[in-house]
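J.: no sequence on this one, just coordinates:
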């Protein structure tokens, strides 16, 4: 993987360990010569990831909609800042630049980005790994919900396994490097299988 897009909060959250781990993720990615693509902000976990990568002279590409850039939240020390016109364009650009995706703690925006990229993978639009860095068990309720979706036949197990998860950065990166996408897209007709 040459670049990983990181989805995460523009807030730091209540637990100081979130920012520490976000900084460490950026740092480790840079040490492994993996570029960071993210939402371009200097605040919250977003800023911590960028600063971690920059501390090791790593490549950091921000993708920010012009309406957010004007609110003075844009990071000014990145390798590159790409300004787009909409949130939709932002997600597409972040997808195009990355070989994989990692979600850290966040709110609605993080969830929306995570589930859209998973849906694209489920539909066969990409075969890139998607991981949750489950720091401090933040994502355990979500993982439980995915198990419920699978148990109730709203989500196939093969698609449930598309979302990789670990508490360890190194373990998560190893899982992502070993990832094999499902061969059958969700909407393939049964007569075609």
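T.: Perfect, thanks for sending it. Everything numeric in this text was worked out from a predicted model, so none of it was measured.

J.: report the separation between residue 133 and residue 154.
T.: Between residue 133 and residue 154 the distance, using CB to CB, to the nearest Å, works out to 25 Å. Just so you know, the C-beta spots here come from the backbone N, C-alpha and C atoms, and that holds for glycine as well.

J.: and those two? which has more neighbours close in?
T.: Looking at residue 133 and residue 154 with other CB atoms under 10 Å, you find the greater number of neighbours at residue 133, namely 26 against 9.

J.: next, give phi and psi for that one.
T.: Per-residue torsions, residue 133: phi -90, psi 100 (degrees, to the nearest 10).

J.: isn't residue 127 right next to residue 181, touching?
T.: Yes - the criterion here is CB atoms under 8 Å, and residue 127 meets it with residue 181 at 3.6 Å.

J.: between those two, which contacts overlap?
T.: Residues within reach of residue 127 and of residue 181 at once, by CB atoms under 8 Å, 6 or more residues apart in numbering, are residue 121.

J.: give me the more crowded residue out of these two.
T.: Remark: of residue 127 and residue 181, residue 181 carries more neighbours, 16 against 12, as counted by other CB under 10 Å.

J.: dump the residue contacts of that one.
T.: Taking CB under 8 Å, 6+ apart, one finds 121, 126, 127, 128, 162 in contact with residue 181.

J.: same question for residue 173.
T.: For residue 173, counting by CB under 8 Å, 6+ apart, the contacting residues are 28, 32, 131.

J.: contact partners for the second one?
T.: Looking back up the chat, that one is residue 32. Residue 32 makes contact with residue 173 under the criterion CB under 8 Å, 6+ apart.

J.: dihedrals phi and psi, it?
T.: Listed backbone geometry of residue 32 is phi -90, psi 10, with angles given as degrees, to the nearest 10.

J.: quickly find the element holding residue 102.
T.: Applying DSSP states H and E as the criterion places residue 102 in strand 100-103.

J.: which helices and strands sit right next to that strand?
T.: In this structure, strand 100-103 packs against strand 3-7, helix 108-122, strand 130-133, helix 169-177, with contacts taken as 3 or more CB pairs under 8 Å, 6 or more residues apart in numbering; DSSP states H and E.

J.: run a quick neighbour tally on the closest residue in space to residue 69 that isn't next to it in sequence.
T.: Take residue 69 and drop its neighbours on the chain: the residue closest to it by CB to CB, 6 or more residues apart in numbering is residue 83, 5.7 Å away. By the other CB under 10 Å criterion, the neighbourhood of residue 83 contains 16 residues.
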